[in-house]
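In: just coords:
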């Protein structure tokens, strides 16, 4: 069970929220100008990373507002949650040069 | 390979079972293979077996990160059925079911396929309409399917509570559906493939692909580079990880899917009962445990554990529908990582990289397809173009829009 921080309401139980997949995917400016490959790529294809994932959540049983979460998909550890429109947060770099996920710097 | 039979059993019994041959070898990887299969689960081993058996390609390696039967093959709820709505799905799942029916003889290995009948319950008017439509579509495809009244359901499962919070209004029955022993499927295919000359290389993780001029030439592994003329990736939940190594993305998201088993009890339930709209399906294993399949989490994760609320949402309806199970202890609970596509249908196809094939996206219901998936994927790899049964499942469908929107995939509401 995840404990998720809504940027407006604070920490709440995961069951109050609903996830909506990868964040920071901009809708194409002119969809009519795209071919099948580009449109399909926008609608369906995802990074689905094993590691850091930037994703959208909605506080569906709370304030009903959307926000973004930075979460590690291996450990489910949530590193940050931030309002839509805010820039992607960076992971703090640890003293040995790796990041806080334990991944050594390459 | 020493064939298993009543005579080999007697011979070895006399010898105190000391002379059984190992089921498959543990060879060192060769420098190069005609085909390398990444992923030693049921689908990958079946692919290797049919490549060697039917396509004449015996210079094949199956590379497995862990051990045979240790991944999703050993984590599913062992259900086999082919009661799907669309023609394309009926094509591949019924192809698989027909292979299941002769699989133990084919492999000389008891996969314990048990066509004990599979019920799909309907709890609402909408559910009744859904099974009405799907049941008729299944019959039009020549696959067995029967509509049952609540009284007929009660006859098959006498202790079911028809009039509860989730009233049972009817059911769809596939008598040829049932269960199989999941690890035995992997072991049986591994043994039979090994006998045909396939190298099964365990504890060997693929770390990258060798790609020259957009043509795959081999794989980098934890045991060094292994050359390959063709590569087939059959890695279920981790398909996006391999795709990113090869430089492309897939229309797939990986989520945990949970299951749980109870303490063993005497035989009480002799069929599989699925209940899509309340996310509960249940069968009883030959050991006597109730095997309960839960829903999947909605967020991407590779953590192999799911949320407690998903378990609660499953166990609640189970207790409502089957009050006699309410005081049973659950012994084990686990999660597997499943690769879910948006239309809940699998992906079998060529990729942007030449000679690199992917078989993935089976989501929450890949086990039942194991023999059929391996069979058509083997033929596709050998010929270099997709088998007609596999063709509709290309990655390209997410660009053309020809989706196979299969609500029956996990037989769960989505």
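Out: Perfect, thanks for sending it. These numbers were taken from a predicted model, which means no experiment stands behind them. Numbering: from 1, shown residues only, chains lettered A, B, ... in the order given.
In: CA only for contacts and neighbour counts going forward, please
Out: Noted.
In: Tell me how many other residues surround residue A:62.
Out: Close neighbours of residue A:62, defined as other C-alpha atoms under 10 Å in any protein chain shown, add up to 13.
In: Contact partners for residue 70?
Out: If you meant another chain, say so; for now it's chain A. Contacts for residue A:70 (C-alpha atoms under 8 Å, 6 or more residues apart in numbering or on different chains) come out as A:52, A:53, A:54, A:55, A:78, A:79, A:80, A:81, A:89.
In: wrong chain, I was asking about chain B
Out: Residue B:70 neighbours (C-alpha under 8 Å, 6+ apart): residue B:41.
In: Need the three-state assignment for it.
Out: coil (DSSP: H, G, I helix; E, B strand; the rest coil).
In: in chain A, what spans have low per-residue confidence?
Out: A:92-106 (pLDDT under 70).
In: Next, report how far the helix or strand containing residue B:93 is displaced from the centre of its chain.
Out: For residue B:93, the host element (DSSP states H and E) is helix B:87-101. In terms of C-alpha atoms, centre = their mean, to the nearest Å, the centre of helix B:87-101 is set 12 Å apart from its chain centre.
In: Same check on stretch B:303-322?
Out: 21 Å.
In: about what we covered before: got a winner among the contacts of residue A:70 for most neighbours?
Out: residue A:53 (23 neighbours).
In: Strand partners (parallel or antiparallel) of the helix or strand in which that one is found?
Out: For residue A:53, the host element (DSSP H and E) is strand A:52-58. With DSSP bridges as the test, strand A:52-58 is paired with strand A:18-22 (antiparallel), strand A:66-72 (antiparallel).
In: Can you list the neighbours in contact with it?
Out: Looking at strand A:52-58 with C-alpha under 8 Å, 6+ apart, the contacting residues turn out to be A:17-24, A:64-73, A:88.
In: Quick check: phi and psi on residue A:81?
Out: For residue A:81, the backbone dihedrals (degrees, to the nearest 10) come out as phi -130, psi 140.
In: Contact partners for it?
Out: Contacts for residue A:81 (C-alpha under 8 Å, 6+ apart) come out as A:5, A:6, A:7, A:67, A:68, A:69, A:70.
In: got a list of what the fifth one touches?
Out: Applying C-alpha under 8 Å, 6+ apart, one finds that residue A:68 lies in contact with A:23, A:54, A:55, A:56, A:57, A:81, A:82, A:83, A:84.
In: so what's the third one bridging to?
Out: So that's residue A:55. residue A:22, residue A:69.
In: any idea where the strands of the stretch 201-350 of chain B begin and end?
Out: According to DSSP state E, counting those that start in this stretch, the stretch 201-350 of chain B carries its strands in the segments B:206-212, B:215-221, B:224-233, B:252-262, B:272-275, B:280-284, B:290-296, B:330-341, B:347-350.
In: Output the contacting helices and strands for the second one.
Out: So the one you mean is strand B:215-221. strand B:206-212, strand B:224-233 (3 or more C-alpha pairs under 8 Å, 6 or more residues apart in numbering or on different chains; DSSP states H and E).
In: Compare those strands and give me the one nearest chain A.
Out: strand B:206-212 (13.6 Å; C-alpha to the nearest C-alpha).
In: Which neighbouring elements make contact with that closest one?
Out: By 3+ C-alpha pairs under 8 Å, 6+ apart, strand B:206-212 packs against strand B:215-221, helix B:239-246.
In: quick check, distance from the shortest one to the centre of its chain.
Out: How far strand B:215-221 lies from its chain's middle: 26 Å, per C-alpha atoms, centre = their mean.
In: Show me where the chain has its helices.
Out: I went with chain A, as the question did not name one. Along chain A, the stretches classed as helices by DSSP state H are A:36-44.
In: nope, chain B please
Out: Under DSSP H, chain B gives helices at B:6-14, B:42-54, B:87-101, B:103-107, B:125-140, B:150-156, B:182-195, B:239-246, B:308-321, B:370-383, B:397-400.
In: got these as CSV, with distance to chain A columns?
Out: Output for these, formatted as CSV (distance: least, C-alpha to the nearest C-alpha, whole Å):
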stretch, distance to chain A
helix B:6-14, 45
helix B:42-54, 22
helix B:87-101, 20
helix B:103-107, 35
helix B:125-140, 24
helix B:150-156, 34
helix B:182-195, 25
helix B:239-246, 6
helix B:308-321, 6
helix B:370-383, 22
helix B:397-400, 4
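In: looking at the ones you listed, which is buried most?
Out: Mean neighbour counts were taken over these using mean count of other C-alpha atoms under 10 Å in any protein chain shown, and the top value, a mean of 28, falls to helix B:42-54.
In: contacts for it?
Out: B:37-39, B:57-62, B:69, B:73, B:185-186, B:189-190, B:192-193, B:196-198, B:233-235, B:367, B:370-371, B:373-379, B:382.
In: One more pass at 6 Å, please.
Out: B:57, B:58, B:186, B:189, B:190, B:193, B:234, B:370, B:374, B:375, B:378 (C-alpha atoms under 6 Å, 6 or more residues apart in numbering or on different chains).
In: quick one: average pLDDT of that helix?
Out: Helix B:42-54 shows a mean pLDDT of 98.
In: what residue ranges in the stretch 51-200 of chain B score low on pLDDT?
Out: Looking at the stretch 51-200 of chain B by pLDDT under 70, you get an empty list.
In: picking up where we left off before, and residue A:45, which of the strands of the stretch 201-350 of chain B is closest to it?
Out: Closest to residue A:45 of the strands of the stretch 201-350 of chain B, according to C-alpha to C-alpha: strand B:252-262, at 6.9 Å.
In: tell me what the closest one is packed against?
Out: Contact partners of strand B:252-262 among helices and strands, from 3 or more C-alpha pairs under 6 Å, 6 or more residues apart in numbering or on different chains; DSSP states H and E: strand B:290-296, strand B:330-341.
In: Out of the ones you listed, which one sits most buried?
Out: For the helices and strands packed on strand B:252-262, the highest mean count by mean count of other C-alpha under 10 Å goes to strand B:290-296, at a mean of 25.
In: okay, the angle between that one and strand B:280-284?
Out: 160 degrees (axes from the mean of the first three to the mean of the last three C-alpha atoms, to 10 degrees).
In: Report all helices and strands that strand B:290-296 contacts.
Out: Going by 3+ C-alpha pairs under 6 Å, 6+ apart, strand B:290-296 lies up against strand B:252-262, strand B:280-284.
In: wait, doesn't residue A:73 sit right on residue A:79?
Out: No - using C-alpha atoms under 6 Å, residue A:73 makes no contact with residue A:79, being 11.0 Å away.
In: which of the contacts of strand A:52-58 count as buried?
Out: Buried members of these, scored by 16 or more other C-alpha atoms under 10 Å in any protein chain shown, are A:17-19, A:21-23, A:65-73, A:88.
In: which among these gets closest to residue B:125?
Out: For the buried ones among the contacts of strand A:52-58, the nearest to residue B:125 is residue A:18 (27.1 Å; C-alpha to C-alpha).
In: For chain A, what lies in contact range of chain B?
Out: Residues of chain A lying near chain B by C-alpha under 6 Å from any C-alpha of the partner chain: A:1, A:19, A:36, A:37, A:40, A:44, A:45, A:46, A:48, A:73, A:74, A:75.
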